[in-house]
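> starting from these lines, generate the structure:
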Amino acid sequence: LGNFIICLFVCMAASQPPAMLSETTNLPGKSAASDGGKKEEVSLQEAFEKFRLQRAKDRAEARQRAAKAAIPAAPRTQAQMDALRTRFLEQALTYVGVPYHRRYHPEGSPDHDAPLFLDCCGLVRRALRDLREEFGFDVGPWNQAYQFDTLPDETPKEKMRPGDLVFISGDYFTERKKSQVHDMVHVEIWMGDGDKTLGARHQRGHLQVHDSYEFVSKSYGNMKFYFRSIDPWLRGVCKSHCPEHPWLPKTSRFETSKHSIFAVEQDEDADDDGDGDDGGDLDGTAPTPSQTVPASEGRGYTTPPTTSLHAVAVEPACDADAGKPRGNSTPRAPPGSKDAPKGGGAKRRTPGRGRGSGRAPGRGTGGSGRSRSTGSSRGTAATSSSAPTFFIGGNNGVALIQEPLEARGWVRVDDKHAKDITLKWVERKSDLDFDSFREGKQLLCRNPKISVLTTKINLLQTLRSYDAKRDKPDPTRMDDFFPKTYIVSERSEREEFFKAAAACPEGTLWICKPTGMNQGKGIYLVRDLAKFRKELAATPLRPNQQRIVQTYLETPLLLHGRKFDVRMYMLIACNRPSFVLYHEGYVRLSVEQYAADDPSNLAAHLTNQYVQKRHPRYAEMKEDTVWSLEQFNAYVNEHVRGAGKDIGADWVRNVFETQCQDIMRHCYNAARPRLDVRPGFFDLLGFDFMVDEDMQVWLLEVNVNPALHTNSNVLSDTIPPVVLEAIDIILELHGQKPKRPALIKSVSRFKVIVPKPAPTE
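Residues are numbered from 1 along each chain as shown. Okay, here's the model as predicted:
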């Protein structure tokens, strides 16, 4: 196929008039000025012939390397590994002075025509490829997150050796940048001289030795450092140790560079962003063998021979969205096919009659799948092409979202890439393209920075940062409503936890949670600290496997002897001006009677439906596992206040709801400076609260994608009005110019919490 395409272009060029044959192309290594001061001219036929020969050579070399790699090598001795470690560092040092990327050096500047450009991961990759024969493998083309996944050996800083790597994770300040896998944004090579490292940090800078691995970046914050030994590479092993990211190349044997005219558009992350806005290419511009920049130009490095390298894959994402891979799950239909959009727009669905404007869909419509009542089809829309369109990604509450919009005359489309979509409501962040967001013309149900509230570690760090502020608008501190929490995937906090736990009474119960998962997955209770310490030591902790450990609330308030929590909703309708609302939600109860002395019975300790549905008695008790807040209030009035608790009547309505609203407002105020404030972003979040036997209210976590299922009477009465009113509020608010939240008429069951309502008389 490749040879056919080449021949096709050669024939096309040969069929052109003579003037066409004089067109030139600049090959690598042929851009330097000739004796006459002009660039060497090469015909298209010559260019393609050189390309074909070079590609055949590259493939032959690749086959030779693969055959050699298939022969088992003898294990390397420690002396051999030490010698290779030295070679690796020395090779990396030969690139000192290489500029970061051509795009940051304007034409005419000394570095614009440099033969090579390298970013941070490009330096590591280049040095490994220069020594591929010595290492015994060909490193993959992906960025610093991939390199991190191939080095599982966590190393204390004091035991780092020259050539080891320092990885840095962080959060981008600008919403234009997509999060990297593991949030891994940078890597540098440890020099073994104090804290010195070798790397590329600044867009207009060059590869250099830095006095310390610690620095302040203009592009990202919340930086964390991971020290990794390169011993696996020195042993000849380069494979991913991350269960979620195998880092496999594309399955097609006909792979293309991302710069090829035959390349298919991919949702591709940048390599590394240095200290600015954009990352560099995989290896920059490849020079010809043994090119040397004259010392008079301020450089002195020699570039070794290299082969043609192609970017062959896109790394999957790792975020709070249940670890699902990034990328386009459904490609566009090819032009001319029966599923292709007409006129270049989105593929539309035919709207049905819906259920009438202003009415909540009935019970059972919140499940997964398509609406059965609307008569929607996948055909071309029969309505006017000017009708607003919407896209729903995932299966969470599809009918609850679809029916109110279709009742307004909106049309659902299947192509998430269509540019004319008015509203997107999705489960996965990968279904959204924030770079193409049209401010003021589009609505997206996901703020690009909402993870500052919705992952366990980010929520903890957001609240900690807000606590440290002296000018915050309220005196509340996180210790008043958030259980004591430690990040055990960080060495310093891990030791702090064990020190604090040792001071607690023997047998104190703790709860360990993974930071990026939901539905109770990966949660377990901890009582034996010695065993827990051994488990942590035996398992390499990685960013995507980060865990927190919290004080477990061993004496919760019980409803008929069963543990419960309360799911409430926060609608962030707008961030400029701030307009945030609260909905009372519902109560979730466990099937089992609560017993603190049996931490292995998660059905008694975790109340979410994902866990409870697996209990053998769930089917017969389903309706009793979900209560309304009115039922909760009646129970407290009769069984808690009546049992001698010093609380007033209707404590749930008068005290509990107010405290929950205050906590939600506090969380929003803590996150507000980090959120994207452009109009059009909105979020419907699930806040989970608990109450202990002393009637203290505690926040457990915040969910970015709360379940919208309606599989019980209470849920059928609660969830549909939540979704319907949220849609009403969003459409009314964003239809205003300028936005005046105080004039919104759609607010009914929701209550405004930001701006904070004035106290009533």
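
> show the subsequent helix or strand relative to the helix with the most length in the chain.
Ranked by residue count, the top helix of the chain under DSSP state H comes out as helix 44-69. Downstream of helix 44-69, the next assigned helix or strand under DSSP states H and E is helix 78-93.

> who's in contact with that following helix?
Identification of contacts with helix 78-93 by CB atoms under 8 Å, 6 or more residues apart in numbering yields 76, 123-124, 127-128, 130-131, 134-135, 161-163, 189, 191-192, 198, 230-231, 234-235. In short, each C-beta sits where N, CA and C put it, glycine included.

> immediately after it, which helix or strand?
helix 120-130.

> avg pLDDT for whichever helix or strand comes after that next one?
Downstream of helix 120-130, the first helix or strand assigned by DSSP H and E is helix 132-135. Mean pLDDT, helix 132-135: 90.

> just stretch 217-230 next, same as before
Stretch 217-230 comes out at a mean pLDDT of 87.

> dump the residue contacts of residue 664.
The contact partners of residue 664, taken as CB under 8 Å, 6+ apart, are 568, 570, 580, 582, 687, 753.

> who wins on neighbours among these?
Of all the contacts of residue 664, the highest neighbour tally under other CB atoms under 10 Å goes to residue 570, namely 27 neighbours.

> so that one: helix, strand or coil?
Under DSSP: H, G, I helix; E, B strand; the rest coil, the three-state class of residue 570 is strand.

> need phi/psi at the closest residue to it other than its chain neighbours.
Once flanking residues are discounted, residue 570 sits nearest to residue 685: 4.6 Å by CB to CB, 6 or more residues apart in numbering. The phi/psi pair for residue 685 (degrees, to the nearest 10) reads phi -110, psi 150.

> buried subset of the contacts of helix 78-93?
Buried members of those, scored by 16 or more other CB atoms under 10 Å, are 123-124, 127-128, 130-131, 135, 162-163, 189, 191, 198, 230-231, 234-235.

> nearest to residue 709, of those residues?
Distance to residue 709 across these (CB to CB) is lowest for residue 124, with 46.2 Å.

> so what pLDDT did that closest one get?
Looking at residue 124, its pLDDT is 95.

> residue 431: which of the contacts of residue 664 is nearest?
Nearest to residue 431 among the contacts of residue 664: residue 570, at 21.6 Å, using CB to CB.

> now that closest one: how far from residue 64?
In this view, residue 570 and residue 64 are 60 Å apart by CB to CB, to the nearest Å.

> shouldn't the residue nearest to residue 570 be in contact with residue 572?
Yes. The pair residue 685 and residue 572 passes the contact test of CB atoms under 8 Å, sitting 7.1 Å apart.

> tell me, what's touching the two both at once?
Common neighbours of residue 685 and residue 572 (criterion: CB under 8 Å, 6+ apart): residue 450.

> using the three-state scheme, assign residue 566.
Once three-state DSSP is applied, residue 566 turns out strand.

> can you check the pLDDT for the nearest residue to it once chain neighbours are set aside?
Leaving aside its chain neighbours, residue 566 sits nearest to residue 689 (4.7 Å; criterion: CB to CB, 6+ apart). Note on residue 689: pLDDT of 97.

> which residues does residue 689 bridge with?
When bridges are called by DSSP bridges, residue 689 pairs up with residue 566, residue 699.

> ditto for residue 487
Residue 487 forms beta bridges with residue 548, as assigned by DSSP bridges.
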